[in-house]
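Visitor: need coordinates for the following:
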Amino acid sequence: MDDPTLPTGQALYDAIMGQIEPDLVTAELPKLPEKFSKDTPEEKAARSERYKRAYEQYDLLFDELVEKPLKQVKTKRKNTMAFIENATGRKELNIIDDKLSAA
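Guide: Numbers count the residues shown, from 1 in each chain. Below is the predicted model:
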């Protein structure tokens, strides 16, 4: 199910990376070889290091914006299912949840 309110993977990547290193957003990537074709070896090395740091920062921000909340949502779902099972005395919910989680 596509939800138009949720960003695509590319949109999310570009939104995060655009704040860190605009050269690395998807629209700019095809332009990089020409843009930096006349770089000296020192300039290439400096840019490579800058890009490496950008991806390290990207990973940290991605974890904060996506992975951490996703883990919290999964924990909340599991706790809610356990509460419902305890309240209703029905273990079928656990079986259904296990099947859905495995899919």
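Visitor: which regions of the chain lie under the pLDDT threshold?
Guide: Within the chain, the ranges that satisfy pLDDT under 70 run 1-4, 90-103.
Visitor: so where do the helices sit in it?
Guide: Secondary structure of the chain (DSSP state H): helices located at 9-20, 32-35, 41-62, 68-88, 92-102.
Visitor: only alpha carbons, please: show the shortest one as CSV.
Guide: Listed in CSV are the C-alpha atoms of helix 32-35, where the atom choice follows Å, rounded to 0.1, in the frame of the first residue of the first chain:
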residue,chain,number,x,y,z
LEU,A,32,29.8,14.7,-10.1
PRO,A,33,32.3,13.2,-12.6
GLU,A,34,32.1,16.2,-14.8
LYS,A,35,31.8,18.7,-12.0
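Visitor: distance from it to the middle of the chain?
Guide: 26 Å (CA atoms, centre = their mean, to the nearest Å).
Visitor: from the rest of the structure, what touches that helix?
Guide: The contact list for helix 32-35 (CB atoms under 8 Å, 6 or more residues apart in numbering) reads D23. Heads up, the C-betas are built off the backbone N, CA and C, glycines and all.
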